[in-house]
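>>> What would the 3D arrangement of this be:
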Amino acid sequence: MLQRTSLKTPVGTLFLISDEHVLLGAGFRNFEDLLSRMDDEDSSRKISPVKNIPIISDLINDYFEGDLSALGGIQTRQPGAEFSQSVWKVMRKIPVGKTMSYAELAKRAGSPEAVRAAGSACARNLIAPIVPCHRVVKSGGALGNYGYGLETKEWLLRFEGALK
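Okay, the predicted model is just below:
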């Protein structure tokens with residue numbers, strides 16, 4: 001059985017869906033948005049509302065209270081093709097307080113020519129901000145897009161010290 005909860009954060013309500021200690025979905029819209037993007041096998045399972053998801057809720061709260069390394073302790077799983085999986089793995093290695101261009105992300109994910117595909121993987125990321133697509137920016141330094149709005153992306157980057 002899956003669990004779901006929501007957390008109040010300084011940048012809005014964060015909705016979470018997990019399978020035990022593995023986070024399957026996180027985002028600032030709603031549960032329906034997350035479920036619609038999860039794989040059919042997971043999204044069709046029974047979901048139990050809970051006050052907190054052990055470990056995951058605590059680590060996310062720790063992050064928003066200033067322990068910027070806390071999100072690294074969360075296990076994640078999301079559906080996607082091999083290249084998308086590589087992109088998400090590279091994203092999780094972008095240090096807090098740093099950003100990476102879409103071009104560099106594509107290169108580190110193993111396909112330097114696949115800049116648009118790297119951008120698409122960012123757009124399909126189901127576990128924000130834990131899989132930190134907000135740390136990916138355009139080559140010239142412009143913020144680029146963010147599924148939850150540029151204000152949210154900018155807030156997260158300022159909070160982490162990547163923007164002054």
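
>>> Can you show me the helices along the protein?
31-37, 40-43, 56-64, 82-92, 102-108, 115-124, 150-160 (DSSP state H).

>>> Quick one: residues in contact with the fourth one.
Outside helix 82-92, the residues within contact range by CB atoms under 8 Å, 6 or more residues apart in numbering are 72, 76, 78, 80, 100, 105-106, 108-111, 114, 117-118, 120-122, 124-125, 127, 131-133, 135-136. (Each C-beta comes from the backbone N, C-alpha and C, glycine too.)

>>> hang on, Ile17 packs against Gly27?
No - using CB atoms under 8 Å, Ile17 is not in contact with Gly27, being 9.4 Å away.

>>> Give the residues shared as contacts by those two.
Leu34.

>>> Relative to Ala123, how far out is Tyr63?
Distance, Tyr63 to Ala123, by CB to CB, to the nearest Å: 23 Å.

>>> Which of these two has more residues huddled nearby?
It is Tyr63, of Tyr63 and Ala123, that has more neighbours when counted by other CB atoms under 10 Å, with 22 against 11.

>>> now the nearest residue to that one once chain neighbours are set aside: how far from Ser36?
In space, and not counting its chain neighbours, Tyr63 is closest to Ala70: 4.2 Å by CB to CB, 6 or more residues apart in numbering. Distance of Ala70 to Ser36, computed by CB to CB: 28 Å.
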